[in-house]
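Participant: can you look at this prediction? I've put the sequence above it.
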Amino acid sequence: MRHGEAEPQYMSDSERQLTAAGQAEVSQMAEWLHHHYSAFDRIFSSPYRRTQQTAALLVQKAVSTQAVEVNTDLVPEGNAQLVVDFLDMLYAENPQARILLVSHMPLVSFLVEAFTRSGQTPIFDTAGVACIDYHLHRGVLLEYACPSLIQLVKSVS
């Protein structure tokens with residue numbers, strides 16, 4: 001998942017906070033996740049403030065009952081292969097684990113490619129979620145959802 005909309009960059013990118021619109025986006029996606037997927041066993045977030053706020057809102061909305069764990073590899077310029085290796089280690093211990101990663105562009109795009117080996121690096125809207133069925137060393141992109149797509153579906157229904 002990509003964090004919700006954040007303040008424009010002033011001095012420190014890592015200290016940018018979610019805007020009110022970003023909080024609303026995350027709340028909407030938390031509701032969507034709650035209705036479409038089982039609760040997550042673990043949530044890992046970048047150490048940046050906006051991802052921490054995003055993850056905290058997800059926990060508040062019952063997407064997970066576990067405390068958010070920080071992973072310093074989930075920063076915007078992070079290395080996707082390091083994240084894949086980390087998750088492979090976790091899945092070796094518990095193959096059924098349901099894990100949510102909260103990160104940034106461009107890393108979230110690189111993670112989709114790294115987990116699915118699809119050759120595609122999709123662009124994520126803020127609060128966008130790529131749902132991947134992942135087992136050691138390979139995964140399948142099940143769906144991508146974001147606030148604007150959810151609104152589109154609601155307006156068509």
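Facilitator: On my side now, so go ahead.
Participant: now Arg2: phi and psi?
Facilitator: Backbone dihedrals for Arg2, given as degrees, to the nearest 10, come out at phi -90, psi 150.
Participant: quick one: residues contacting it.
Facilitator: Under the criterion of CB atoms under 8 Å, 6 or more residues apart in numbering, the contact partners of Arg2 comprise Val102, Ser103, His104, Met105, Val108, Phe124, Asp125, Thr126, Ala127, Gly128, Val129. For glycine as for every other residue, the C-beta is placed from the backbone atoms N, C-alpha and C.
Participant: again with Ser118
Facilitator: Taking CB under 8 Å, 6+ apart as the criterion, Ser118 is in contact with Val112, Leu141.
Participant: need the three-state assignment for it.
Facilitator: Of the three states, Ser118 takes coil according to DSSP: H, G, I helix; E, B strand; the rest coil.
Participant: one step back: between the contacts of Arg2, which is closest to Thr72?
Facilitator: Taking CB to CB as the measure, Ser103 is the one of the contacts of Arg2 closest to Thr72, at 11.2 Å.
Participant: mind listing the strands for this protein?
Facilitator: For the chain, strands defined by DSSP state E occupy the ranges 42-45, 68-70, 99-102, 129-135, 138-145.
Participant: Ala39 is in contact with Ala97, correct?
Facilitator: No. Using CB atoms under 8 Å as the test, Ala97 is too far from Ala39 to be in contact (11.7 Å).
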